[in-house]
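**Student:** Generate coordinates for the sequence data below:
(chains A, B, C and D)
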4 protein chains.
Amino acid sequence: MQRVAIIGASGYTGVELARILCNHPEFELTAATSRQYAGKALSEVFPNLLGKTDLICENLTINELCERADLFFAAVPHKTAMDLVPQLLQEGKKVVDLSADYRLRDVAVYEEWYQEHSSPEFIAEAVYGLPELYREQIQKARLTANPGCYPTSIVLGLAPLLRNGLIAPASIIADSKSGTTGAGRAANVGTLFCEVHDGFRAYKVGGIHRHLPEIEQELSALQGEDINISFTPHLLPIARGILSTCYASLTSDLSEESIRKLYRDMYDREPFIRLLPQGSFPATQHVRGSNFCDIGFTIDHRTGRIIIVTAIDNIVKGAAGQAVHNMNLMCNIEETTGLEGAPFFP
Amino acid sequence: MQRVAIIGASGYTGVELARILCNHPEFELTAATSRQYAGKALSEVFPNLLGKTDLICENLTINELCERADLFFAAVPHKTAMDLVPQLLQEGKKVVDLSADYRLRDVAVYEEWYQEHSSPEFIAEAVYGLPELYREQIQKARLTANPGCYPTSIVLGLAPLLRNGLIAPASIIADSKSGTTGAGRAANVGTLFCEVHDGFRAYKVGGIHRHLPEIEQELSALQGEDINISFTPHLLPIARGILSTCYASLTSDLSEESIRKLYRDMYDREPFIRLLPQGSFPATQHVRGSNFCDIGFTIDHRTGRIIIVTAIDNIVKGAAGQAVHNMNLMCNIEETTGLEGAPFFP
Amino acid sequence: MQRVAIIGASGYTGVELARILCNHPEFELTAATSRQYAGKALSEVFPNLLGKTDLICENLTINELCERADLFFAAVPHKTAMDLVPQLLQEGKKVVDLSADYRLRDVAVYEEWYQEHSSPEFIAEAVYGLPELYREQIQKARLTANPGCYPTSIVLGLAPLLRNGLIAPASIIADSKSGTTGAGRAANVGTLFCEVHDGFRAYKVGGIHRHLPEIEQELSALQGEDINISFTPHLLPIARGILSTCYASLTSDLSEESIRKLYRDMYDREPFIRLLPQGSFPATQHVRGSNFCDIGFTIDHRTGRIIIVTAIDNIVKGAAGQAVHNMNLMCNIEETTGLEGAPFFP
Amino acid sequence: MQRVAIIGASGYTGVELARILCNHPEFELTAATSRQYAGKALSEVFPNLLGKTDLICENLTINELCERADLFFAAVPHKTAMDLVPQLLQEGKKVVDLSADYRLRDVAVYEEWYQEHSSPEFIAEAVYGLPELYREQIQKARLTANPGCYPTSIVLGLAPLLRNGLIAPASIIADSKSGTTGAGRAANVGTLFCEVHDGFRAYKVGGIHRHLPEIEQELSALQGEDINISFTPHLLPIARGILSTCYASLTSDLSEESIRKLYRDMYDREPFIRLLPQGSFPATQHVRGSNFCDIGFTIDHRTGRIIIVTAIDNIVKGAAGQAVHNMNLMCNIEETTGLEGAPFFP
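**Tutor:** Model prediction:
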């Protein structure tokens, strides 16, 4: 059993990490930090965990943290992470950082979209934690930058197309819809039940969401050239789930079956990708609570476009589950460990 | 008071028509037909109407119908409508048909997407009931083809752009999300609470939804040439509401303000269009229960695209409310009559 | 047109008052106050009101308020109300107070459950604003204490039984379930979408909710002796609606029909009470958006208990709608004015 | 690995059994029957299971079933079960029956509430599958009658009180609220999304729900005398979860702490009962997806009543999870096997 700590346990990513880790056979959850709830049992903050963990939320110094665990999930906001993570690395710890602080390889881009970076020297060593693209690097990493939820859903959907040069990069549009856990657990009027329930809205319209540079970085890497896309996030009245509907113009007149083969080539051995049969499309409720990314696509020959639909549980494959997947890889244990549960439906 | 009947009162469009009509000062609801619930009080089928109407659901012949009312809302499925509507017209009645049967001006297109048409001779006279585009024709019509819910949300959002030739027609993508009332009130496993709740999915992906030819017909008319678009419908876990996110490439480098002026020119006197201020975007919960269509847009200069977001209540502006609006126009009464209620939020 | 102001327009009761008043033919909404949103258009705070009102939220002094309107809806929290209302009355204004400050006729009880009362001398003159019980007094009142949402749902359900001495007072249990608008619009973690959605819980269990003394006051008045009841509130994952399930032991072996007659005697001329037919029971979705209180009941002869189920929309009949009803009565205009809309379903 | 079959896999209980069993380390799911979906992959019927099971739904004879498995979960409707189960037993199989057919020990009561019983001779041998009450008998059983969801939530909440004679039996009222999975997966208008969503209702009011005799049977057994209670079920707009609020008059003036001790005595070693700390009460979202039954209670000294609140996931502890728990016991394997997952929140 390796000792694992969650830094920033009081958010939805934190509780989901705890849910997964309290049943993980190789990791032992030894600390959970929360400034706000220090002194309270984690199961008092999140009563679903009652009987599954006795941990008390603590406000620990770096030194105390380093004594308590060897593996760390940093589930703190960006900015906080960049100050914290280097200290853990310097003590020889392994870290999966769930913030945005080490995702963007170009510090100038980071600073344009977020703020000044206090530890840019660690960006180069951080591995972008999308196992389907970077498995080998993750296995050797001591710092993994866990991908954003929207980027996970979009990049996995488009990767086989871009790798094979099948679509016109400038034609890509990603219309994404996210559950409200994505907005975090801070007390805001905008995410009150009565504001979100029985409603639906777009937000950050026009290419201004902070996940955009991350998406474009990964799509560009796949394509081998710089890509700009249209990306519109929306807020769904559900707790968990992201569904992304992506549109792109095909560069040649390929059959659906030949494209399907390319998806299969890339994903058939991937434990958490489910390529849906022809004519089937994902639904968030079919991945709920699991680490799966479901992918379906079709070709609209009238317009020459391919439409790719992906679904993930944004706090599992889009956050906590992918983080555990990464840590499994970093620790050389079977990568699906702790993530075998089937999705919950209904 | 003019005598009005609802043919097919047992669906969600039927009950919404009844809700609106029971408070309408110029129309008197005199008959409501339902084969399934014949003999039952309408307020037993829909207990929200208790105390608002004493009507009993009936299974009436055309002759009986014609004796009972002068104005008709046909809220029956397509195919049923085409057999029924001509008989009403021949008796000198006015009809708003909420089915698809008279929406497509090209009977060949209709027969490709639906089935053989039994009364194609009435198609030419039917007016497409989108008052913002066809107000004058509607005022003179005896048969109005009430638009589909998706078409309403998309056509209104794109009309000012197309009329002014501002976007590349082939670039149009409409990603639409609809509440579950759009699926009707038939007992199907797919629309059970537990299948829809806390989930989200795409359906009819790849340009195969029957509203597509209707959307393209109206967009083509606005543009003055044939247009093919990409259209993907999705199912939202809400009862009422459609939000459409539309993407198109601008043909010239116009400012947001100059485009806003064109929207204002077209819609400023429209009683049911609300153009949102710059930086604001619609939400279905802000039009709930009302006949409003909210429109917001922005330009993404990085990609050269304009993104237009519209929201309507699919069973009001997308069905029953627009039908009443049309009937008001057809009867030369103040067009907003019975539709003045503000949206319900939360 | 009489000039009406909403004091405290930024909560869910405030926006619902505005929604009702902007279509009210006798009242003109002339001011809406909000410290938090002062300077913002009310329709920016609540975009559903766009196009229905041009009011700007203001932070007004009492003098300014008194210049702007003659009728006031005080939708501020308790404590704030008791400081404000007397000043309005002294200026000759009419006030419907939606807080708890003037509901409890015994100031000692008020001070036990809330806090010290700063204007107890106005308690005696305040009329408890349940029109079904106090219509005549309301018509003469200058200050009406608008009832709490839970009390409205419970008192209306039990009144015919208590008035006629049909149930054992000590046997009364009220198990109530409320939509989340009842928790207000303050930013709290406990009412975030993700905390409430797809869940259900009891709260304030054991007779500790502040609506309890108000319920008991009114039940005691009906019975003519002091009554203690069990009352458990619950939080529903819906926006609008309270359903109360009440249990009581019958004191004699009456038939359901004879009891039904007593309900009819009391409520048949009430415009907002709908007594459901035998075997039918209320649902919150059937009163949604309306001022109706639906009531159904049955007798369980095995246990000798009567079970009464009531449903209201908590922010209409439980708050804003009842407030407008009261103001209509206080102004001697037709009492249903502005409240005629049928419930919207689905 | 023991071979397990699900008879009736196409309902919500069926899919939940499959979800649990596909990760169960001791049981191998070898057959899933469904007349309706015969020939279809189970993961096509329930896409959440894609990649977790390759089973095809089949329509199997008893003989075929008996060749395919040794352990059976009968998830078919009552009546079907009573015809099927005896044949499995006669072939030496072990059966957990999730229908009502063997729950009521008095066949006359069964026939009063359901219909004629075709195999009453097996009733006596069937063990009521509530492990907290009948663990030892279940361990020896070949037929377990899996409890109803409402009975599970109510009986577990009241058992410590009744066993210790602390409450007046005639005073018991159980006000229960269930998620919509409890209504099954048949296509009915009443459980369509638009009928249930954003609403709440009571049903089967007045002691007429079929779970009542089952509840009373178990409460009577605990009390040692016949008990009649009031029981009102309600339909919640959630998928999973039952919350029961139970009221009873205490027979003596006990402290909360002394009663808490009795709950602890009974439940402290129970792996699936979580007694909440004083002042805390259950929420369905905190047991979602788990086999836990959460219990909280308080005393209302003003009325002399104890209020007990329990929450379960109705298709786990109220159906599939409890069934697996029973089968674990019947097979002498660690009883929590396959059921260790923490509840998922949010």
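
**Student:** just for the stretch 151-300 of chain A, where's the confidence low?
**Tutor:** Flagging of the stretch 151-300 of chain A using pLDDT under 70 yields an empty set of residue ranges.

**Student:** what are the ranges of the strands in it?
**Tutor:** All strands of the stretch 151-300 of chain A, identified by DSSP state E, counting those that start in this stretch, fall at A:173-178, A:201-202, A:230-235, A:242-249, A:273-275, A:293-300.

**Student:** and those strands as JSON lines, adding mean neighbour count?
**Tutor:** All C-beta atoms are positioned from the backbone trio N, CA, C, and that covers glycine. Output for the strands of the stretch 151-300 of chain A, formatted as JSON lines (neighbours: other C-beta atoms under 10 Å in any protein chain shown):
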{"stretch": "strand A:173-178", "mean neighbour count": "27"}
{"stretch": "strand A:201-202", "mean neighbour count": "26"}
{"stretch": "strand A:230-235", "mean neighbour count": "25"}
{"stretch": "strand A:242-249", "mean neighbour count": "26"}
{"stretch": "strand A:273-275", "mean neighbour count": "22"}
{"stretch": "strand A:293-300", "mean neighbour count": "24"}
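
**Student:** would you turn those into TSV with distance to chain C?
**Tutor:** As requested, the strands of the stretch 151-300 of chain A are exported to TSV (distance: least, C-beta to the nearest C-beta, whole Å):
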stretch	distance to chain C
strand A:173-178	12
strand A:201-202	10
strand A:230-235	9
strand A:242-249	14
strand A:273-275	24
strand A:293-300	21
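
**Student:** what's the closest of the ones you listed to chain D?
**Tutor:** Each of the strands of the stretch 151-300 of chain A was scored for nearness to chain D using C-beta to the nearest C-beta, and the closest is strand A:273-275 (5.2 Å).

**Student:** Each with direction, which strands does the closest one pair with?
**Tutor:** Using DSSP bridges, strand A:273-275 pairs in its sheet with strand A:293-300 (parallel).

**Student:** hmm, the helix or strand following the partner strand touching chain D?
**Tutor:** Remark: after strand A:293-300, the chain's next helix or strand is strand A:305-312, criterion DSSP states H and E. No. Strand A:305-312 lies apart from chain D when judged by C-beta under 8 Å from any C-beta of the partner chain; the minimum separation is 10.0 Å.

**Student:** CA-only coordinates of strand A:305-312 in CSV, if you can.
**Tutor:** Provided in CSV are the C-alpha atoms of strand A:305-312 (Å, rounded to 0.1, in the frame of the first residue of the first chain):
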residue,chain,number,x,y,z
ARG,A,305,-18.8,16.9,-42.3
ILE,A,306,-18.1,14.3,-39.8
ILE,A,307,-19.9,14.7,-36.5
ILE,A,308,-18.2,13.2,-33.4
VAL,A,309,-20.1,12.9,-30.1
THR,A,310,-18.2,12.0,-26.9
ALA,A,311,-19.4,11.6,-23.3
ILE,A,312,-17.5,11.4,-20.1
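
**Student:** Name every strand pairing with that strand and say which way it goes.
**Tutor:** Partners of strand A:305-312 in the sheet, by DSSP bridges, are strand A:242-249 (antiparallel), strand A:293-300 (antiparallel).

**Student:** Any chance of JSON lines for those strands, columns distance to C:Gly165?
**Tutor:** Output for the strands paired with strand A:305-312, formatted as JSON lines (distance: least, C-beta to C-beta, whole Å):
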{"stretch": "strand A:242-249", "distance to C:Gly165": "59"}
{"stretch": "strand A:293-300", "distance to C:Gly165": "63"}
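
**Student:** circling back: will you turn the strands of the stretch 151-300 of chain A into a markdown table that also has distance to B:Leu161?
**Tutor:** Below are the strands of the stretch 151-300 of chain A laid out as a markdown table (distance: least, C-beta to C-beta, whole Å):
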| stretch | distance to B:Leu161 |
| --- | --- |
| strand A:173-178 | 17 |
| strand A:201-202 | 18 |
| strand A:230-235 | 16 |
| strand A:242-249 | 18 |
| strand A:273-275 | 37 |
| strand A:293-300 | 22 |
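
**Student:** Looking at chain A, which residue reaches furthest from the middle?
**Tutor:** Relative to the mean C-alpha coordinate of chain A, counting by C-alpha atoms, centre = their mean, the farthest residue is A:Arg302 (34.1 Å).

**Student:** Next up, phi/psi of that residue, please.
**Tutor:** Main-chain torsions, A:Arg302, degrees, to the nearest 10: phi -60, psi -40.

**Student:** what's the burial count for the residue in the stretch 101-250 of chain A positioned nearest to chain B?
**Tutor:** The minimum distance from the stretch 101-250 of chain A to chain B, using C-beta to the nearest C-beta, falls at A:Gly199 (3.0 Å). Close neighbours of A:Gly199, defined as other C-beta atoms under 10 Å in any protein chain shown, add up to 26.

**Student:** Nearest spatial neighbour of it, chain-adjacent residues omitted?
**Tutor:** Distances taken as C-beta to C-beta, 6 or more residues apart in numbering or on different chains place B:Gln285 nearest to A:Gly199, at 3.0 Å, with adjacent residues excluded.

**Student:** so the one you found touches B:Gly241, yeah?
**Tutor:** Yes. B:Gln285 lies in contact with B:Gly241 (C-beta atoms under 8 Å); the separation is 7.3 Å.

**Student:** neighbour-wise, which of the two wins?
**Tutor:** Neighbours were counted for B:Gln285 and for B:Gly241 using other C-beta under 10 Å; B:Gly241 has more, 33 against 28.

**Student:** dump the residue contacts of the more buried one.
**Tutor:** A:Gly199, A:Phe200, B:Ser178, B:Gly179, B:Thr284, B:Gln285, B:Val287, B:Arg288, B:Ala311, B:Ile312, B:Asp313, B:Asn314 (C-beta atoms under 8 Å, 6 or more residues apart in numbering or on different chains).

**Student:** Next, give phi and psi for the nearest residue to A:Lys40 once chain neighbours are set aside.
**Tutor:** Leaving aside its sequence neighbours, A:Lys40 sits nearest to A:Cys57 (C-beta to C-beta, 6+ apart; 5.3 Å). In terms of degrees, to the nearest 10, the main-chain angles of A:Cys57 are phi -60, psi 140.

**Student:** And for A:Leu29?
**Tutor:** Residue torsions, per degrees, to the nearest 10, at A:Leu29 are phi -80, psi 110.

**Student:** how far away is A:Phe193 from D:Asp101?
**Tutor:** 41 Å (C-beta to C-beta, to the nearest Å).

**Student:** same question, A:Val127
**Tutor:** 57 Å.

**Student:** out of the two, which sits in the more crowded spot?
**Tutor:** Between A:Val127 and D:Asp101, D:Asp101 has the larger neighbour count (other C-beta under 10 Å), namely 28 against 23.

**Student:** doesn't D:Met82 make contact with the more buried one?
**Tutor:** Yes. Shown here, D:Asp101 and D:Met82 form a contact pair, counting by C-beta under 8 Å, at 4.2 Å.

**Student:** relative to strand A:293-300, how tilted is the helix ranked longest in chain A?
**Tutor:** Scanning chain A for the longest helix, with DSSP state H as the assignment, gives helix A:149-163. Helix A:149-163 runs at 50 degrees relative to strand A:293-300, counting by axes from the mean of the first three to the mean of the last three C-alpha atoms, to 10 degrees.

**Student:** now the angle between strand A:230-235 and helix A:149-163, please.
**Tutor:** 150 degrees.

**Student:** from the middle of its chain, how far away would helix A:149-163 be?
**Tutor:** Computed by C-alpha atoms, centre = their mean, to the nearest Å, the separation of helix A:149-163 from the middle of its chain amounts to 12 Å.

**Student:** Now do the same contact list for the residue of the stretch 1-150 of chain A found nearest chain C.
**Tutor:** In the stretch 1-150 of chain A, the residue that lies nearest chain C is A:Tyr12 (6.6 Å; C-beta to the nearest C-beta). The contact partners of A:Tyr12, by C-beta under 8 Å, 6+ apart, come to A:Thr181, A:Gly184, A:Arg185, A:Ile315, C:Cys194, D:Pro346.
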